[in-house]
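1. Sharing a model that was predicted from the sequence below.
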Amino acid sequence: MEFDLHRRLLEEGLIGPESSEKIKERYAQPLFSLHWELKTILYLGVMLLSSGLGILIYKNIDTIGHQAILTLIASVSTVCFFYCFKKKAPFSQTKVKSPDSFFDYILLLACLSFISFLGYLQFQYTVFGNHYELATLIPMMVLYYVAYAFDHQGIQGLAITNMALFMGISATPRELLSNDIFAHPDLLYTYLLLAFILLAMAWLSEKLDFKKHFKFNYLHFGVHLGFITLLSGYFYYYELGTSIFWLLGVAVLAYPLYVDAIKDKSFYFLLLLVLYSYVAISALIVRMMLAVENFGILIMLPLYFIITAIILIRTLINLNKKVK
Amino acid sequence: MLIYTKISLDNLIIQQQVEEANQMGNLSAEELKAVVAAYPVDLYCPNIFMSVGLFILTCIIVSFSSGLFTLFVYDSRMANTPGFIAFLGLCAYIALELLVKSRKHYNSGVDNALIWISGGLLVTAWLWATEGSDAANGTNYALGLSAFITVLCLFYTLRFTGMLTAAIGYLAALAFLAVAWYKTGSFGAQTLPFALIILSFGAWFLCKKVIPNKKAKYHHNSLVLLQALSLVTMYAAGNYYMVQALGNELYGTSETSPAAIPFSLFFWIWTLGIPLMYIGLGLRKKDVILLRTGLFLVAAAVFTFKAYYHVAPIEVTLTIAGFVFLALAVAVRKYLKSPRKGFTTADLNEGRLMDKINVESLFITETFSGTSAPGADKFGGGSFGGGGASSGY
């Protein structure tokens, strides 16, 4: 707070003498925080190291040096895990604050190098034989264990993407859209199943009061995956009469999520629901308009979007007020 | 010049500062409430998600409205002129003025979208109108365009206090001055990097001098961004790779060796030394802009160096760099276990949560989900794309 403002507020009696002293003290000894700088360096260090080691494996997979690399990766993972287990706060069902961001990133490095290690073992020595699902199941279980034991939401996210990998699909919305879901229509149901599992886990996290704050990640991936899959299903089966069921799915999904978002006062999810539902409804209306072929469509269509977008803006503003 | 009343902006600044003090634990919740009640803000500035939603919807409304309007006048051939585009831009601008005046939108997404749309349309109209008329002399075309963008952005920035228009305006102004300098003749062409360095430094110095001024407080954010940007352009102007690319472009050569251009030693010292100088100065003067820009530019220095000198294969470089970064983090953390010389590693603004979203965790998931199992795709786990930048949601 600026000094002038501080004096003015004090004179007007809006802040008490106690707070005033605190602010003055801050002014006398300004502290310069390197928190974000340190975090960025840590993030970059973990990213560079894990991708460097990953490429090292790739390039040396058939050469003499692979055992040295294997040892290096194993020791990085072991040292990091050892450090984290030593520093770890005792487990609790509720949120446990991590010792500091250094701890968080060392834990991340431990997990990433452990997964690299497993992948290398499987490729070189086929330790899991032909049970490919084991090679993704074990990392997934380790990640889930670590995420819950150490209360790390970043690793929870990795566990979720690994779960998708275990089911043979990808989970992040970006990959989902770039991988062209239309190329594999048979995977639509797998995606739906994953979305359902994630939403169920979100619900259970809260219901059982077990790591309640993990709900956000489950919900985030579940909502995106669910809606993208349903809309993709609708457009893929556009010509069939049954395509309407995919759109009905959007409504069935949206309603409980709406109730939940209002309860949680989470505008982020409300926005997602509104936008995804808007796409679904507009798809239906445009289809109906196109069915009635005449020139008026050229005017009706833009009008529809102009009017509905204005209505939506009003709805969003009202919803925002509602959850404030 | 400002479209907002000074009282609104003043109160907004007060509220922001009080909220910050509250988050740092220097102010109780009751006091915060009292101040907010005493200095009410009548501006509409919603949270980031709301802004994103409003931005998208405004774009939908404007594109369909202009489409519909174009459809009505389509037969008259009027639509096929730059004047029509300029007219649409003016309409968008009028809508912007009216909406901001009546509803007091301030960074709500609606005003941002309309600023971009009207500005974009006006620039497009300018491009279309001046296109071809001066094909023989490309520099005049560039001069006219950059001058137009500068004036437009300056106007938008002063009226709506936008950060991004300020940044674009700065770059356009720099481009204008660079082209003008280049046009002065062979001396101008040869000294272009030095001219850009001096201009950028001037801009940085000016911003630094203007920031404490009370009259500039509504443009505080823009000035901070401009400071960082001018530091970056000052570095880029003397970066070896940039100088060489510029020389190749101007003289039609294709030099790629690391000692080909005149004063190459100076430019190499600049390339590798400036980021470190920024960091050093930033730490000494406790200037967060210098410090962060310097850290960011270290990456640029490393990439430039790697482009000319091959020291080790990429994976070895990455691994070693990773170890060095982690070691650096350990050292900093050890050194600052308790605050020293006014530095700390503690987060002073804790609790700034956006709608219960842990952005960091999403970022980690997005960037590491591809790299997390480098061997996995080899044994048929499934399809997954490579890691990369985070997506925009």
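-> It's in. What you see is a predicted model; the values in this text were computed from it and never measured.

2. which helices and strands sit right next to the helix-or-strand element of chain A with minimal mean pLDDT?
-> Least confident element among the helices and strands of chain A, by mean pLDDT, DSSP states H and E: helix A:173-178 (a mean of 71). If you count contacts as 3 or more Cβ pairs under 8 Å, 6 or more residues apart in numbering or on different chains; DSSP states H and E, helix A:173-178 packs onto helix A:215-236. Bear in mind the C-beta positions are built from the backbone N, C-alpha and C, glycine included.

3. Put the alpha carbons of the helix it packs on into CSV.
-> The C-alpha trace of helix A:215-236 is given here as CSV (Å, rounded to 0.1, in the frame of the first residue of the first chain):
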residue,chain,number,x,y,z
LYS,A,215,-12.3,-32.7,-6.5
PHE,A,216,-11.4,-29.8,-8.8
ASN,A,217,-8.9,-31.8,-11.0
TYR,A,218,-11.3,-34.7,-11.4
LEU,A,219,-14.1,-32.4,-12.2
HIS,A,220,-12.0,-30.3,-14.6
PHE,A,221,-11.0,-33.3,-16.7
GLY,A,222,-14.3,-35.1,-16.3
VAL,A,223,-16.3,-32.1,-17.5
HIS,A,224,-14.2,-31.3,-20.5
LEU,A,225,-13.9,-34.9,-21.6
GLY,A,226,-17.6,-35.6,-21.0
PHE,A,227,-18.9,-32.7,-23.0
ILE,A,228,-16.3,-33.0,-25.8
THR,A,229,-17.1,-36.7,-26.2
LEU,A,230,-20.9,-36.2,-26.2
LEU,A,231,-20.7,-33.4,-28.8
SER,A,232,-18.2,-35.4,-30.9
GLY,A,233,-20.6,-38.3,-30.7
TYR,A,234,-23.5,-36.2,-31.9
PHE,A,235,-21.6,-34.8,-34.9
TYR,A,236,-20.2,-38.2,-35.8
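
4. Mind listing what's buried along it?
-> A:215-234 (16 or more other Cβ atoms under 10 Å in any protein chain shown).

5. swap in stretch B:23-41?
-> B:24, B:26-27, B:31-32, B:34-36, B:39, B:41.

6. which of those residues lies closest to B:Ala259?
-> B:Met24 (51.7 Å; Cβ to Cβ).

7. Give me the three-state assignment for the closest residue to that closest one other than its chain neighbours.
-> Among residues not flanking B:Met24 along the chain, B:Leu348 sits closest, at 5.9 Å (Cβ to Cβ, 6 or more residues apart in numbering or on different chains). Secondary structure, DSSP: H, G, I helix; E, B strand; the rest coil: B:Leu348 is coil.

8. what's the burial count for B:Leu348?
-> When neighbours are defined as other Cβ atoms under 10 Å in any protein chain shown, B:Leu348 has 14 of them.

9. and the gap between it and B:Val288?
-> 12 Å (Cβ to Cβ, to the nearest Å).

10. buried stuff in the helix or strand encompassing B:Phe155?
-> Using DSSP states H and E, B:Phe155 sits in helix B:138-160. By 16+ other Cβ under 10 Å, the buried positions in helix B:138-160 come out as B:141-150, B:152-154, B:156-160.

11. Can you name the next helix or strand after it?
-> Counting by DSSP H and E, the element after helix B:138-160 in chain order, helix or strand, is helix B:163-183.

12. Restricting to C-alpha, output that following helix in PDB.
-> What follows is helix B:163-183, C-alpha atoms only, in PDB (Å, rounded to 0.1, in the frame of the first residue of the first chain):
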ATOM      1  CA  MET B 163      -1.900  -2.700 -21.600                       C
ATOM      2  CA  LEU B 164      -1.800  -4.600 -24.900                       C
ATOM      3  CA  THR B 165      -2.600  -1.600 -27.000                       C
ATOM      4  CA  ALA B 166       0.300   0.200 -25.300                       C
ATOM      5  CA  ALA B 167       2.700  -2.700 -26.100                       C
ATOM      6  CA  ILE B 168       1.600  -2.800 -29.700                       C
ATOM      7  CA  GLY B 169       1.800   1.000 -30.000                       C
ATOM      8  CA  TYR B 170       5.400   0.900 -28.600                       C
ATOM      9  CA  LEU B 171       6.500  -1.800 -31.100                       C
ATOM     10  CA  ALA B 172       4.900   0.100 -34.000                       C
ATOM     11  CA  ALA B 173       6.600   3.400 -32.900                       C
ATOM     12  CA  LEU B 174       9.900   1.600 -32.700                       C
ATOM     13  CA  ALA B 175       9.300   0.100 -36.200                       C
ATOM     14  CA  PHE B 176       8.500   3.600 -37.500                       C
ATOM     15  CA  LEU B 177      11.700   5.100 -36.100                       C
ATOM     16  CA  ALA B 178      13.800   2.200 -37.300                       C
ATOM     17  CA  VAL B 179      12.500   2.500 -40.900                       C
ATOM     18  CA  ALA B 180      12.900   6.300 -40.800                       C
ATOM     19  CA  TRP B 181      16.500   5.900 -39.600                       C
ATOM     20  CA  TYR B 182      17.200   3.300 -42.200                       C
ATOM     21  CA  LYS B 183      15.900   5.600 -44.900                       C
END
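
13. Hey, what's the angle from that helix to helix B:138-160? Just curious.
-> 150 degrees (axes from the mean of the first three to the mean of the last three Cα atoms, to 10 degrees).

14. Show residues contacting helix B:163-183.
-> B:115, B:119, B:139, B:142-143, B:146-147, B:149-150, B:152-154, B:156-157, B:188-189, B:191-192, B:195-196, B:199-200, B:203, B:219, B:221-223, B:225-226, B:229-230, B:233, B:250 (Cβ atoms under 8 Å, 6 or more residues apart in numbering or on different chains).

15. any low-confidence regions in the chain?
-> Here I'm looking at chain A. For chain A, the stretches with pLDDT under 70 are A:1, A:3, A:64, A:173, A:179-183, A:295.

16. that answer is for a different chain, and I need it for chain B
-> B:132-137, B:349-357, B:370-393.

17. what ranges do the strands span in it?
-> Here chain B has its strands, by DSSP state E, at B:343-344.

18. Can you check which helix is longest in it?
-> Looking across chain B with DSSP state H, the single longest helix is helix B:48-72.

19. Hmm, A:Leu319 is touching A:Leu270, no?
-> Yes - between A:Leu319 and A:Leu270 there is a contact under Cβ atoms under 8 Å: 5.2 Å.

20. Neighbour count: these two, which is higher?
-> Remark: of A:Leu319 and A:Leu270, A:Leu270 carries more neighbours, 25 against 20, as counted by other Cβ under 10 Å.

21. Report the secondary structure element holding the more buried one.
-> Using DSSP H and E, A:Leu270 falls within helix A:267-291.

22. And that helix, what does it pack against?
-> helix A:215-236, helix A:243-264, helix A:297-323, helix B:48-72.

23. can you list the ones you listed in CSV and add distance to B:Gly169?
-> Putting those into CSV (distance: least, Cβ to Cβ, whole Å) gives the following:
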stretch, distance to B:Gly169
helix A:215-236, 37
helix A:243-264, 40
helix A:297-323, 29
helix B:48-72, 21
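
24. what's the most buried one of these?
-> helix A:215-236 (a mean of 22; mean count of other Cβ atoms under 10 Å in any protein chain shown).

25. can you give me the angle it makes with helix A:243-264?
-> 160 degrees.

26. Work out the gap between helix A:215-236 and the centre of the chain.
-> The chain centroid and the centroid of helix A:215-236 are separated by 12 Å under Cα atoms, centre = their mean, to the nearest Å.
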